[in-house]
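Asker: Next one to model:
(one chain, ligands or ions: 4)
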Amino acid sequence: MRLNGEIGGEEEEKKVAECLNSQAYSIGGGFSQPQSQKLVVGYALTSKKKKSFLQPKLLCLARNKGIFFVPIDLKRPLSDQGPFDVVLHKLSGTDWCEVIEEYRQKHPEVAVLDPPDGIQHLHNRQSMLQDVADLNLSDCHGKVGVPRQLVITKDPSSIPYEVSKSGLKLPLVAKPLVVDGSAKSHELSLAYDQFSLTELEPPLVLQEFVNHGAILFKVYIVGETIKVVRRFSLPNVSKCELAKVSGVYRFPRVSSASASADDADLEPGVAEHPPRPLLEKLARELRRRLGLRLFNIDMIREHGTRDVFYVIDINYFPGYGKMPDYEHIFTDFLLSLVQSKYKKRPAT
Ligand SMILES: Nc1ncnc2c1ncn2[C@@H]1O[C@H](COP(=O)(O)OP(=O)(O)OP(=O)(O)O)[C@@H](O)[C@H]1O
Ligand SMILES: O=P(O)(O)O[C@H]1[C@H](OP(=O)(O)O)[C@@H](OP(=O)(O)O)[C@@H](O)[C@@H](O)[C@@H]1OP(=O)(O)O
Ligand SMILES: [Mg+2]
Ligand SMILES: [Mg+2]
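Answerer: Ligands and ions are numbered 1, 2, ... in the order given. Okay, the predicted model is just below:
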């Protein structure tokens, strides 16, 4: 933390000025208490992410707690900017990975969220789920696995053969192998027969579809905090439907929609959240193995079971703006990073 430095960003200033004028954002003791200490968070985010994440309710609460968000200028060397206490980033490209890695090495005193190699791990739908598969998590609280899947890198004409050889069961979810933040990397299809899969463009992952009662759990991780929300998902596919239908069907980003299923009238066996101890163990292990602090896990419960879960997707720096209370959770997390840094320092 530093004392009363002159730091601010035009965009942030404008948003904060707006919310200072609005009673709706008056939090706790309001803004009358001057902050003597400041925590400076440099951010490099896409414009889509800036809009969804840097909402006035976050900026105002942050300012109230002495946290300042400052945009990183991508045209200037990172080390010439700041000084920052924390760097928050979600940008793609190898150039950016190099910049941030070099900065991390040079500035161990800055909490860089997060290391680029951990993030890269989530940019491939095969490596993304590897840690969950390795965990082999099954204890008295339930079982967590990943659906069986097959990676196809070339020659779509070989897919029917590859699928029958591997013994994967239909229907299959076809997902682009690489997740680079583009809309295309979220274009998914459901395949009812293996021959139609030749229509798809590799590289892709073919994953067994798991019936889960059309409800998905988004498990948001922010450091040590875990927040679970329910979202609507794809309906079950019955044996009868599978026998009647053929073809490959593109489906929309149903579970990414902001509409939450938290208040929907659902069957209790479908709606019940995964057991807390299971989530805590899963989150702790993934945090450690991936070396990441900001991510979410998409989890489904196998229909007809109480405690058999599958992780189907892990996203780096997801849409926290849709997470209830995100402004409180995030600001507390940012402060905790700096507090733990000071605790670690030897007394002088
Ligand atoms: N194996 C599966 N079994 C059942 N449903 C699935 C499976 N895989 C994906 N789905 C459904 O498809 C949706 C999108 O899949 P997935 O989460 O892998 O894609 P994504 O594009 O990475 O999503 P996000 O927007 O969360 O990044 C899931 O939220 C879920 O509704
Ligand atoms: O757009 P939103 O704010 O909803 O956030 C989505 C986020 O998009 P953004 O990072 O461009 O914002 C996606 O990132 P990319 O894979 O495309 O990089 C992915 O993480 C989704 O899972 C997030 O939705 P959520 O899972 O939280 O519902
Ligand atoms: Mg997902
Ligand atoms: Mg995803």
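Asker: And the helices in the stretch 101-250 of the chain?
Answerer: Taking DSSP state H, counting those that start in this stretch to define them, one finds helices in the stretch 101-250 of the chain at 116-121, 127-135, 159-166, 239-244.
Asker: The second one and ligand 4 in contact?
Answerer: No - no part of helix 127-135 sits close enough to ligand 4 to count as contact by C-beta under 5 Å from the ion; the gap is at least 8.2 Å. (C-beta placed from N, C-alpha, C; glycine too.)
Asker: that older thread, Throw the helices of the stretch 101-250 of the chain into TSV and include mean neighbour count, thanks.
Answerer: Output for these, formatted as TSV (neighbours: other C-beta atoms under 10 Å):
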stretch	mean neighbour count
helix 116-121	17
helix 127-135	17
helix 159-166	15
helix 239-244	10
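Asker: out of those, nearest to L206?
Answerer: Checking those against L206 by C-beta to C-beta gives helix 159-166 as the closest, at 6.6 Å.
Asker: can you pull up the bridge partners for L206?
Answerer: Under DSSP bridges, the beta-bridge partners of L206 are L150, A174.
Asker: Flag the shaky bits of the chain, pLDDT-wise.
Answerer: For the chain, the stretches with pLDDT under 70 are 1-36, 258, 341-348.
Asker: which parts of it sit against ligand 4?
Answerer: Proximity of the chain to ligand 4, by C-beta under 5 Å from the ion, involves residues 313, 315.
Asker: how does it look with 8 Å?
Answerer: The chain has residues 179, 186, 298, 313-315, 318 near ligand 4, with proximity defined as C-beta under 8 Å from the ion.
Asker: Among these, which lie within strands?
Answerer: Cross-referencing the residues of the chain next to ligand 4 against strands under DSSP state E gives 298, 313-315.
Asker: could you pick out which of the residues you listed are near ligand 3?
Answerer: By C-beta under 8 Å from the ion, the members of those lying near ligand 3 are 298, 313, 315.
Asker: Contacts only, for the second one.
Answerer: So that's D313. Contacts of D313 were listed using C-beta atoms under 8 Å, 6 or more residues apart in numbering, and they are 125, 128, 297-298.
Asker: which one among those residues gets closest to V99?
Answerer: Closest to V99 out of the contacts of D313 is M128 (23.4 Å), distances taken as C-beta to C-beta.
Asker: how far away is the closest one from G213?
Answerer: 24 Å (C-beta to C-beta, to the nearest Å).
Asker: list the contacts for T225?
Answerer: So T225 contacts 329, 332-333 (C-beta under 8 Å, 6+ apart).
Asker: Just give me the neighbour total for the nearest residue to K65 once chain neighbours are set aside.
Answerer: The spatially closest residue to K65, leaving aside those adjacent along the chain, is T331, at 5.2 Å (C-beta to C-beta, 6 or more residues apart in numbering). By other C-beta atoms under 10 Å, the residues close to T331 number 20.
Asker: and T331, what helix or strand is that in?
Answerer: helix 326-344 (DSSP states H and E).
Asker: and that helix, is it in reach of ligand 2?
Answerer: No - using C-beta under 6 Å from any ligand atom, helix 326-344 never reaches ligand 2; the gap is at least 10.3 Å.
Asker: Which elements pack onto that helix?
Answerer: strand 37-45, helix 56-64, strand 67-71, strand 86-90, strand 111-113, strand 215-222, strand 225-232 (3 or more C-beta pairs under 8 Å, 6 or more residues apart in numbering; DSSP states H and E).
Asker: quick one, which of these is nearest to D80?
Answerer: Among the helices and strands packed on helix 326-344, the nearest to D80 by C-beta to C-beta is strand 37-45 (11.6 Å).
Asker: Pairing partners for that closest one, with directions?
Answerer: Strand 37-45 has these strand partners (DSSP bridges): strand 2-3 (antiparallel), strand 67-71 (parallel), strand 86-90 (parallel).
Asker: Perfect, I'm done here.
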